[in-house]
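> got a predicted structure plus its sequence, pasted below:
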Protein chains: 2
Amino acid sequence: MGARQREIAVSEFFLKNRHLLGFDSPRRALLTAVKEAVDNSMDACEEAGIVPEISVELEQTAATRFRVTVTDNGPGIVKSQIPKIFAKLLYGSKFHRLRMSRGQQGIGISAAGMYGQLTTGSATRILSRTKGSKTAHAIDLQIDTKSNKPVILSDKEQDWRPTFQNVDETGVPTGEPHSYAHGTSVSIEMEAQYQRGKLSVDEFLKQCAIINPHLTLHYRLALTSKADSKSQSANTGEQTAAAGNGNEARVTYARALKEMPKVPNEIMPHPHGVELGMLMQMLKDSSSRTLRAALSSDFSRVSDQTALQICERAGLNPKANPTRVAHQEAEALYSAIQETKLMRPPTDCLSPIGEAQIVAGLEKEIRADFYTSVTRDPNVYRGNPFQIEVGLAYVKPEDTRGVEEMGQEEPIRLLRFANRVPLLHQPGACAITKAVVGVNWKSYGLTQPKGALPLGPLVLMVHVASVWVPFTSESKDAIASYEEILTEMTLALQECGRRLHVFLNKRRRDMEAARKRNYIELYIPHLALGLKEILGFPDREKQRVEHDLKKMLEKTHLDV
Amino acid sequence: MGARQREIAVSEFFLKNRHLLGFDSPRRALLTAVKEAVDNSMDACEEAGIVPEISVELEQTAATRFRVTVTDNGPGIVKSQIPKIFAKLLYGSKFHRLRMSRGQQGIGISAAGMYGQLTTGSATRILSRTKGSKTAHAIDLQIDTKSNKPVILSDKEQDWRPTFQNVDETGVPTGEPHSYAHGTSVSIEMEAQYQRGKLSVDEFLKQCAIINPHLTLHYRLALTSKADSKSQSANTGEQTAAAGNGNEARVTYARALKEMPKVPNEIMPHPHGVELGMLMQMLKDSSSRTLRAALSSDFSRVSDQTALQICERAGLNPKANPTRVAHQEAEALYSAIQETKLMRPPTDCLSPIGEAQIVAGLEKEIRADFYTSVTRDPNVYRGNPFQIEVGLAYVKPEDTRGVEEMGQEEPIRLLRFANRVPLLHQPGACAITKAVVGVNWKSYGLTQPKGALPLGPLVLMVHVASVWVPFTSESKDAIASYEEILTEMTLALQECGRRLHVFLNKRRRDMEAARKRNYIELYIPHLALGLKEILGFPDREKQRVEHDLKKMLEKTHLDV
């Protein structure tokens, strides 16, 4: 043992384990690539305070190949950063800060490029123009997978002229094409398969538009002619929702709001979420001169006075050099922190969607009888602030148009979101599914098989917002089951469930009353006729009796 | 964008995402640490041709802390390699070779140390003595998590004298304690919780012993006194199987065989499993002088003649320099390889358990009416050879001692293994569960709720052996659902199911016959008495008639 031991580059590791990143099949790879690029574009625009307009293009280049191009109107990227951002795994600006964003790992877009390179041998093409520049940088990149370093294949300045056709929902152009003043475009050719359905790019983009009402999204799908692509399921089955004219289809999701969501603030770690080893590391790295100052400046919710109390409780000198705190002293400090009551972390690091916006989003997409939503107060898991939001729409049972496969006997439709990103794959592994299954929906008037989703024409959406979403894998499809997160979700779901119950009860009573009333109304003329015969009414009198009886009946039912 | 972009060390990444590695809760962390250490010890022993003897010790050091120590009789580790092996993520000898082994990622044991460091601030202690050395290296290590580099805290030579008490299954010492001539001991203190049950260290070690009949395993569990550890569930609930005397318990699983499993060989990649980008990389890295030589020496199943054919089919010069093949030429080569018929990869890189050994293992642990097993021929997914084995034991319905929670109305017990390692967590995410659920067990005589495991007193074990097991996460708890793997599992399960069906049918017929016979036997004396009265038999004649009737009856039933 010893001779053949060697270092493994993180790019080699993920190349061999590409299923961990969501690149296990050509179909899923297409979705993952789009998702990573759109996440990056959305984050870039919002951070720069730009209302996002994004274009997604899928062009089929061979039977099993697509070119994926995602272009945004973001701030653009300075040239020196482009190679590392797009061709180096574990590189980025979001990992080290505590603030809600879509991307967090610094892996996704480089992994998409690496997958393209692996399956087609081609390069990732970046075109980026920053504000005020005359030209755009055009850079072709690959990853040296053995060292996880970018390799620049070509690098030049060129015109920035991606233009975007404004089209309506049926693909008809509306007005002049336009181009962005600045932005970034990333283009990757890869082995891929396009297919409609619940796990499709179409579905992902549609849900993106629901959860990001401030986003304008252009989507273009260009398949090769049917003769060339018999293997494409898109052409053998139904046409995509987007597919209008022949093999090229366009759809635009126009923004519903111009206001941007509140830009979240970065926070410092909360002391109650910091483990002993991390505390030791933070003290060692502190730039403060005293322990007291280190506590109050490197952590959130620790005032100068609280810092002093903590030091005293731990029996440590508040003026000690924080970089020289020994193991046992750190243990005492750690215990003292646990014993000290502190305010919860600040929550302006989160940007929830909001109850009204959730209902508006659902109303836009789903024709329902009843809508409701709950945004819970923020809470904390392992020191990380998070917030749960739930929305619910009860579809008219007799009107499930546009919401396929819904009905009294079908499982409800569950939409999962994390930091405003739709999650499509791995529902079974996700804490959201676990929480929904764990709620007793029978007590809210729904049928629910044991250990399964409830049945009924219900659309349920759950949004987890956090400075660090604990995904179960690097592909970011499912959320790990932290107890605190499950509890918050359960409470939000139960609140929505109770409201649904009130609605369903009322509707049942109304329907019951209507049924009864119909039944009785049927007999009123006979009753009136009987009375007429017995009492010798004139016809006019009979009509008056019928009218009075009906009125009486209505009154009774209003009191039900 | 740009200013705050920076590199993320893989250790930082996994520290923040420690749930990906199986360190999300104190209970699971304990199991994961034991698992990683035992995997390494087993691999080290087997590679060196040493029949493994391993000791696992869990010592509770505080209410929520344990020291985990795993010691083996392996070859020991040279001093220069110790720091990187135990305190650097993505470092090892197993990642870059195609050969079945338990470890494959070069993450596990360093991650366990990093978790210990994070939660207790302490160091990983290594003691290792190589063959022929007088003393052992004793090294205390931590990881610099910001750079993923080992930090050596202390480093000295000392005596190697871990001694092991031989004990029988009830914890009674048998004979003299002994020590190993050489080996490695790793010791980590960490936040942890000990709990019995299906996800416990006890269960893991027991299954290890089943699947590795050549392993002798000593297990020692030392809990602090009950008064000190009220929070420990081990002390509030049942005692562990291992717990015998007060708060310290020992158990030894003695080996059943002295023969080692066949040591697998390393193979070259199979051309049909190599993607275009990888092919380009391999050619670029080739040390061969010609394309033809590169194809025949860097890949398996490509003879010199086949290499020539491939070059010709691709329209390339067989004498071309492989490091200078252009993108388009590589595409042609890739197509030519796909079109060329090649033998399947060699399978001596795998070391299956074997049908007889599986049944022996089941017989040792489970009292059953019926045992069977299937070892399928090796197959290939994405170029990686793999092999599926299934074992089945049908427990006597009236005798489920030692197999708790079994019965006609309970789900079967499914044991999952990958490369001889038991998988306990995440059954729902695993291809093994998916395959078992997907088989129609009703047609083999079992009850099966829709989309669930079948019911009945059945123990089913499935083993996946591969040069690269595609786990769904770095914690290696569940296997990804590659189509080829699912298919092989389904075929093996169906074969076992058919055999079970034959057994269950026969048993049902036997029981039916016994029931009928009992019924008829009840009436034979009455029949004989009736005959006697009608025909005026003497008593002796009546007995003869009874005897003959019984004989007739038996004969009839043998023909059923």
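All right, it came through fine.

> which residue lies farthest from the center of chain A?
Distance from the C-alpha centroid of chain A, by CA atoms, centre = their mean, peaks at residue A:536 (73.0 Å).

> need the pLDDT of it.
For residue A:536, the pLDDT comes out at 73.

> who are the neighbours in contact with the residue nearest the centre of chain A?
The centre of chain A sits closest to residue A:421, judged by CA atoms, centre = their mean, with a distance of 2.4 Å. Listed by CB atoms under 8 Å, 6 or more residues apart in numbering or on different chains, the contact partners of residue A:421 are A:35, A:39, A:102, A:208, A:211, A:476. Any C-beta I mention is one placed from the backbone N, CA and C, and that applies to glycine too.

> mind checking the SS state of the closest residue in space to the first one that isn't next to it in sequence?
Okay, so that is residue A:35. Once flanking residues are discounted, residue A:35 sits nearest to residue A:204: 6.2 Å by CB to CB, 6 or more residues apart in numbering or on different chains. Put simply, residue A:204 is helix when judged by DSSP: H, G, I helix; E, B strand; the rest coil.

> from residue B:528, how far off is residue A:485?
Using CB to CB, to the nearest Å, one obtains 77 Å as the distance from residue A:485 to residue B:528.

> okay, those two: which has more neighbours?
residue A:485 (24 against 21; other CB atoms under 10 Å in any protein chain shown).

> circling back to that earlier point, which one of the contacts of residue A:421 sits closest to residue B:248?
Nearest to residue B:248 out of the contacts of residue A:421 is residue A:476 (CB to CB; 44.7 Å).

> now do the contacts for the closest residue to residue A:158 other than its chain neighbours.
Excluding its sequence neighbours, the residue lying closest to residue A:158 (CB to CB, 6+ apart) is residue A:138, at 4.7 Å. By CB under 8 Å, 6+ apart, the contact list for residue A:138 reads A:125, A:126, A:127, A:154, A:155, A:156, A:157, A:158.

> the fifth one in helix, strand or coil?
In this case it means residue A:155. Following three-state DSSP, we place residue A:155 in the strand state.

> who's in contact with it?
With contacts defined as CB under 8 Å, 6+ apart, residue A:155 is in contact with A:137, A:138, A:139, A:140.

> of these, select the buried ones using a ChimeraX command.
Buried members of the contacts of residue A:155 can be picked out in ChimeraX with the line below, counting by 16 or more other CB atoms under 10 Å in any protein chain shown:
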select /A:137,138,139,140
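
> show residues contacting stretch A:280-288.
A:269, A:274, A:291, A:294, A:297-298, A:322-323, A:325, A:327, A:330, B:121, B:145.

> same deal with stretch A:252-263?
Contacts of stretch A:252-263 (CB under 8 Å, 6+ apart): A:46-47, A:49, A:51, A:166-169, A:205-206, A:208-209, A:213-219, A:348, A:351, A:353, A:357, A:360-361, A:364, A:420.

> mind listing which of those are in helices?
Among the contacts of stretch A:252-263, DSSP state H puts A:46, A:47, A:205, A:206, A:208, A:209, A:357, A:360, A:361, A:364 in helices.

> kindly identify which of those also come near chain B.
Among the ones in helices among the contacts of stretch A:252-263, the residues lying close to chain B (CB under 8 Å from any CB of the partner chain) are residue A:47.

> filter the ones in helices among the contacts of stretch A:252-263 to the buried ones?
Burial by neighbour count, 16+ other CB under 10 Å: within the ones in helices among the contacts of stretch A:252-263 this picks out A:46, A:47, A:205, A:206, A:208, A:209, A:357, A:360, A:361.

> and of those, the nearest to residue A:89?
Among these, residue A:47 lies closest to residue A:89 (CB to CB), at 21.5 Å.

> how close does that closest one sit to residue B:16?
21 Å.

> again with residue A:373
31 Å.

> more neighbours: which of those two?
residue A:373 (25 against 20).

> for the host helix or strand of the more buried one, name the packing helices and strands.
Per DSSP states H and E, residue A:373 falls inside strand A:368-375. Counting contacts by 3 or more CB pairs under 8 Å, 6 or more residues apart in numbering or on different chains; DSSP states H and E, strand A:368-375 packs against helix A:355-365, strand A:384-395, helix A:483-535.

> for residue B:198, which of these is the nearest?
Among those, helix A:483-535 sits nearest to residue B:198 (CB to CB), with 19.4 Å.

> angle of the closest one against strand A:368-375?
If you take axes from the mean of the first three to the mean of the last three CA atoms, to 10 degrees, helix A:483-535 sits at 150 degrees to strand A:368-375.

> quick one: the helices in chain A, in order.
A:10-16, A:26-47, A:82-87, A:108-120, A:201-211, A:233-236, A:276-285, A:291-298, A:304-314, A:327-339, A:355-365, A:431-438, A:483-535, A:539-558.

> in the stretch 1-150 of chain A, what residue is nearest chain B?
residue A:118 (3.6 Å; CB to the nearest CB).

> which ones are touching the nearest residue in space to that residue that is not next to it in sequence?
Excluding its sequence neighbours, the residue lying closest to residue A:118 (CB to CB, 6+ apart) is residue B:277, at 3.6 Å. Residues near residue B:277 by CB under 8 Å, 6+ apart: A:117, A:118, A:119, A:120, A:121.

> now for the fourth one, how many residues are close by?
What it means is residue A:120. Neighbour count for residue A:120, taken as other CB under 10 Å: 24.

> just the second one next, same as before
A total of 22 residues lie near residue A:118 under the criterion other CB under 10 Å.

> what do you get for the first one?
The criterion is other CB under 10 Å. On that basis, residue A:117 has 28 neighbouring residues.

> excluding covalently adjacent residues, which one is nearest to it?
The nearest residue in space to residue A:117 (CB to CB, 6+ apart) is residue B:277, at 4.8 Å.

> gap between that neighbour and residue A:333?
50 Å.

> swap in residue A:136?
Per CB to CB, residue A:136 is found 52 Å from residue A:333.

> does any part of stretch A:54-66 sit near chain B?
No - Stretch A:54-66 does not reach chain B (CB under 8 Å from any CB); its nearest approach is 10.4 Å.

> quick one on the thing from earlier: closest to chain B among the buried ones among the ones in helices among the contacts of stretch A:252-263?
Taking CB to the nearest CB as the measure, chain B lies nearest residue A:47 of these, at 7.2 Å.

> residue A:32 contacts residue A:112, doesn't it?
Yes - with contacts counted by CB atoms under 8 Å, residue A:32 reaches residue A:112, the gap being 6.7 Å.

> need the residues touching each of the two.
Joint contacts of residue A:32 and residue A:112 (CB under 8 Å, 6+ apart) are residue A:23.

> in stretch A:138-155, what counts as buried?
Neighbour-count burial for stretch A:138-155 [16+ other CB under 10 Å]: A:138, A:139, A:140, A:141, A:142, A:143, A:145, A:148, A:150.

> contact residues of the stretch 51-200 of chain A facing chain B?
Proximity of the stretch 51-200 of chain A to chain B (CB under 8 Å from any CB) is limited to residues A:74-78, A:80-81, A:84-85, A:88, A:90-93, A:95-97, A:105-106, A:117-122, A:145.

> of those residues, grab the buried ones for ChimeraX.
Of these, the buried ones go into a single ChimeraX selection, burial set by 16+ other CB under 10 Å:
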select /A:74,75,76,77,78,81,84,85,88,90,91,92,93,95,105,106,117,118,119,120,121,122,145
